[in-house]
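*Asks:* Sequence first, then the predicted structure, then my questions.
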Amino acid sequence: MHELSMAQGILNAVLDTAEANDAIRVTDMIIEIGKLAMLNPEQLKFMLGVLCKDTIAEDVNIVIEDIDVEIKCHNCDFEGIANVDDSDHYAPMILCPKCESHRVEVLNGRDVTVKNISIEREDDDEN
């Protein structure tokens, strides 16, 4: 249930940011998930939907964007998007697309980031 704890952390960050900005409602949340983050995007989205109930994010539109794995190859000096064999979810194989070497350094693709949230605030004219 790694997705549950990650979803709770994401929701906490979103709610903290929304409340710090006097939000009465969170309407949209865009989350970036690196392909090496070892998270199932569908499960994460489901968990977020459940956890958002009875909060200002209850009816939030959740968008999840996959982030490719970027590498630097120590064999041929290639830098860019890697070939990832994720048939084994727990130990994906990362290969250089140019020389197929495993001698690579991962530059991007492990993180989970709240990229953006959209909120609604009470109209200032009503106060």
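*Replies:* Good, I have the coordinates. Residues are numbered from 1 along each chain as shown.
*Asks:* which helices and strands does the helix or strand bottoming out on mean pLDDT in the chain pack with?
*Replies:* Sorting the helices and strands of the chain by mean pLDDT, DSSP states H and E puts strand 83-85 at the bottom, at a mean of 81. In terms of contact count using 3 or more Cβ pairs under 8 Å, 6 or more residues apart in numbering; DSSP states H and E, strand 83-85 is assigned the packing partners strand 93-95. C-beta: built from backbone N, CA, C; applies to glycine.
*Asks:* which residues are contacting the strand it packs on?
*Replies:* If you take Cβ atoms under 8 Å, 6 or more residues apart in numbering as the criterion, strand 93-95 is touched by Leu36, Val69, Ile71, Ala82, Asn83, Val84, Asp85, Asp86, Ser101, His102, Val104, Val106.
*Asks:* Next: stretch 6-26.
*Replies:* The set of residues external to stretch 6-26 that reach it, using Cβ under 8 Å, 6+ apart, is 29, 31, 39, 44, 47-48, 51-52, 55-57, 59-60, 112, 114, 117-122.
*Asks:* redo that, cut-off 10 Å
*Replies:* Outside stretch 6-26, the residues that touch it by Cβ atoms under 10 Å, 6 or more residues apart in numbering are 1, 27, 29, 31, 33, 37-39, 43-52, 55-62, 112-114, 117-124.
*Asks:* Which ChimeraX command selects the buried ones in the residues you listed?
*Replies:* Those of the contacts of stretch 6-26 that meet the burial criterion (16 or more other Cβ atoms under 10 Å) are gathered into one ChimeraX selection, given here:
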select :29,31,33,37,38,39,44,45,47,48,51,52,56,57,60,62,112,117,119
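*Asks:* Could you list which of the contacts of stretch 6-26 belong to strands?
*Replies:* Cross-referencing the contacts of stretch 6-26 with the strands (criterion: DSSP state E) gives 27, 29, 31, 33, 61-62, 112-114, 117-121 as the overlap.
*Asks:* Point out the least confident member of the contacts of strand 93-95, please.
*Replies:* Summarising pLDDT for those: the lowest-scoring member is Asp86, with 69.
*Asks:* As a check, name the ranges of all helices in this protein.
*Replies:* Here the chain has its helices, by DSSP state H, at 2-20, 41-51.
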